[in-house]
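In: I need the structure of the sequence given here:
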Amino acid sequence: MQDRPRVIIVGAGFAGLNAAKALKGAPVDVTIVDQHNYHTFQPLLYQLATAGLDAADVAHQVRNIFRHQRNVGFRQGTVDGVDWEAKEVTLKGGARLPFDYLILGAGAVYNDFGVPGVKRYGYMIKSLSEANTLRSHILRQFEAASADAAAVERGVLNFVLVGAGPTGVEMAGALAELLDRALPPDYPELDIANRARVVMLEMTDKVLPPFGPASQRYAETVLRRRGVDVRLNATVKEVAPDEVVLESGESIRTQTLIWVAGVRAHPLAEALGLELTKGYRVAVEPDLSVPGRPEAFVAGDLAGAEDEEGNLYPQLAPVAIQQGRHAGRMVRASLEGDARERFHYADRGMMAIVGRNAGIAELTPRFGGLKLRGFIGWLGWLLLHLLYLPGFKNRVDTLLNWIYNYFTYDRHARLILESAPTPAELADHEESLASPEQALGAPPSNKRSANHRAERRQQQSQEERVGRQDGPQGAEKEPSGA
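Out: Down below sits the predicted model:
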């Protein structure tokens, strides 16, 4: 009996998971390849970084997600290329996985836009390791200030975020609440209300650029009211271990730069030998297939798919979800001899949360055109993310944590944990401009930390890599197998 067609899906992010789900019941054998054995729900990583949730709340094992889908298997590994002639995916370490159909969903990494010092000293929040690292770093800054009052003058309690998109706004709001409510009882000697500050830098003249003017004004007003120093038309020139230098010449003393200023496709895209478009995304046909290679598809942040007007689709989770489903359906169509269809994105709108009781939801005209702000927008955001969060236990635990946080103003996960990047994560960082949700970079400037020493031990044979303070960095929009 002839073997069934083999489908390899690279990346266990939103695109990869939904491609696999679309192949449920199909006469194929699906293998998902990712360097981690879990899917990370990235929209909630900022809550992990600000001690609102635990790592287990925002991640779920891939094998468990597909325990009832018998045609799906999982392979933990790091993809470093594709042998197109042999139709094999190559993994670091030399393993090769043959395929009849290939779906690439490796995600995106943060783009440092060539700003000096970002990779070396900046923190990013696209992975569990990064979010845990950032949380530990933030708490460690307060411990440092408590041990040495002079450290406050050196900027240890100044937290600078670069980028005022949804992630930046959500992170700024959560961090402001952490400083205002959760930490003061822990550090009564620090006078946190007057000595700690959150600074948000945005190079354009507005926060939440994709949203409408009313929502932008609302978000900016709420952030300022909650103590965030919002600076528009502010461009970062350079990042140093203890300061951020702006193009205007101003210097902000800080040991915590959180970089959420934009993404580019995962570095795997450059190793595929395929045509690339803006942002290093892989050029694709309207049906998401690779030009000249009808057996291969690209979905999510890696895909350079265009709408009917020739504009690239935004690198957002809803786009990745729908493109993953479409790629899976196109594999089914090929198996059944049906015609392939162009990908159409059903844009339902955008949502963001600014903090407690402050959310924004803008639905497209196709879905009613409602614009919700305040408590209703905040509640809608919470409910939507609960629905998309994989795993019943994850949903229950997250909901209970939200209820606890809401009524007590407490953040139970205020733990300082040590973590060092894995060799695979270090290798990914070496190849990327920033770092992905599965590709991590290096920790900031305090070279006395245990994480930095651990990282340096791992890097002895690769001197060109850089180190940083409390752990690795990463940045990818979706979990990647690359």
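
In: Just give me the neighbour total for the closest residue to L363 other than its chain neighbours.
Out: Leaving aside its chain neighbours, L363 sits nearest to G349 (3.9 Å; criterion: Cβ to Cβ, 6 or more residues apart in numbering). Glycine gets a C-beta too; all of them are placed from N, C-alpha and C. G349 has 18 neighbouring residues, counting by other Cβ atoms under 10 Å.

In: And R96, by the same measure?
Out: Neighbours of R96 (other Cβ under 10 Å): 12.

In: In contact with it, which residues?
Out: Contact partners of R96, counting by Cβ atoms under 8 Å, 6 or more residues apart in numbering, are D83, A86, E88, V89, T90.

In: and it, bridged to which residues?
Out: On the basis of DSSP bridges, R96 is bridged to T90.

In: closest to V62 among the contacts of R96?
Out: V89 (16.5 Å; Cβ to Cβ).

In: and D242, how many neighbours?
Out: 16.

In: Next, the nearest residue to it once chain neighbours are set aside: phi, psi?
Out: In this structure, D242 finds its nearest non-sequential neighbour in Q255, 5.8 Å apart by Cβ to Cβ, 6+ apart. When read as degrees, to the nearest 10, the backbone of Q255 gives phi -120, psi 10.

In: Q255 touches V239, doesn't it?
Out: No: judged on Cβ atoms under 8 Å, Q255 makes no contact with V239 at a distance of 10.9 Å.

In: if we can go back for a sec, contacting residues around the residue nearest to L363?
Out: A361, E362, L363, T364, F367.

In: ranges for the strands of the stretch 101-250 of the chain?
Out: Here the stretch 101-250 of the chain has its strands, by DSSP state E, counting those that start in this stretch, at 101-104, 108-110, 122-123, 158-162, 197-202, 228-232, 236-240, 243-246.

In: Just give me the residue right at the centre of this protein.
Out: Central residue of the chain (Cα atoms, centre = their mean): K126, 3.0 Å from the mean position.

In: I'd say that one and L134 touch.
Out: No: here K126 does not reach L134: they are 10.7 Å apart, not a contact under Cβ under 8 Å.

In: Next, count neighbours for the residue lying closest to L223 once chain neighbours are set aside.
Out: Of all residues beyond its chain neighbours, the one nearest L223 is V230 (5.4 Å), with distances taken as Cβ to Cβ, 6+ apart. Using other Cβ under 10 Å, V230 has 20 other residues around it.

In: what about V230, distance to F407?
Out: 29 Å (Cβ to Cβ, to the nearest Å).

In: do the same with G77
Out: 44 Å.

In: Any regions of the stretch 51-200 of the chain where pLDDT drops low?
Out: Within the stretch 51-200 of the chain, no range satisfies pLDDT under 70.

In: what ranges do the helices span in it?
Out: Secondary structure of the stretch 51-200 of the chain (DSSP state H, counting those that start in this stretch): helices at 55-58, 62-65, 118-121, 128-147, 166-177, 192-195.

In: Let's have these in CSV, adding distance to L183 and mean neighbour count.
Out: As requested, the helices of the stretch 51-200 of the chain are exported to CSV (distance: least, Cβ to Cβ, whole Å; neighbours: other Cβ atoms under 10 Å):
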stretch, distance to L183, mean neighbour count
helix 55-58, 20, 21
helix 62-65, 35, 19
helix 118-121, 23, 24
helix 128-147, 6, 22
helix 166-177, 10, 25
helix 192-195, 6, 14
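
In: Those: which one's closest to E243?
Out: That would be helix 118-121 among the helices of the stretch 51-200 of the chain, by Cβ to Cβ, at 9.6 Å.

In: three-state assignment of the residue nearest to Y218 when sequence neighbours are not counted?
Out: The spatial neighbour of Y218 that comes closest, neighbours along the chain excluded (Cβ to Cβ, 6+ apart), is R373 at 5.1 Å. Three-state assignment for R373 (DSSP: H, G, I helix; E, B strand; the rest coil): strand.

In: tell me the contacts of the closest residue in space to A303 that isn't next to it in sequence?
Out: The shortest distance from A303 to any non-neighbouring residue, by Cβ to Cβ, 6+ apart, is to V284 (5.4 Å). Counting by Cβ under 8 Å, 6+ apart, V284 makes contact with V290, P291, F297, V298, A303, G304, A305.

In: Go through these and single out the one with the most neighbours.
Out: That'd be F297 among those, by other Cβ under 10 Å, with 33 neighbours.

In: Tell me who's in contact with it.
Out: 19, 101-104, 284, 287-290, 327, 330-331.

In: Top of these by number of neighbours, please.
Out: Busiest of the contacts of F297 [other Cβ under 10 Å] is L104, holding 35 neighbours.
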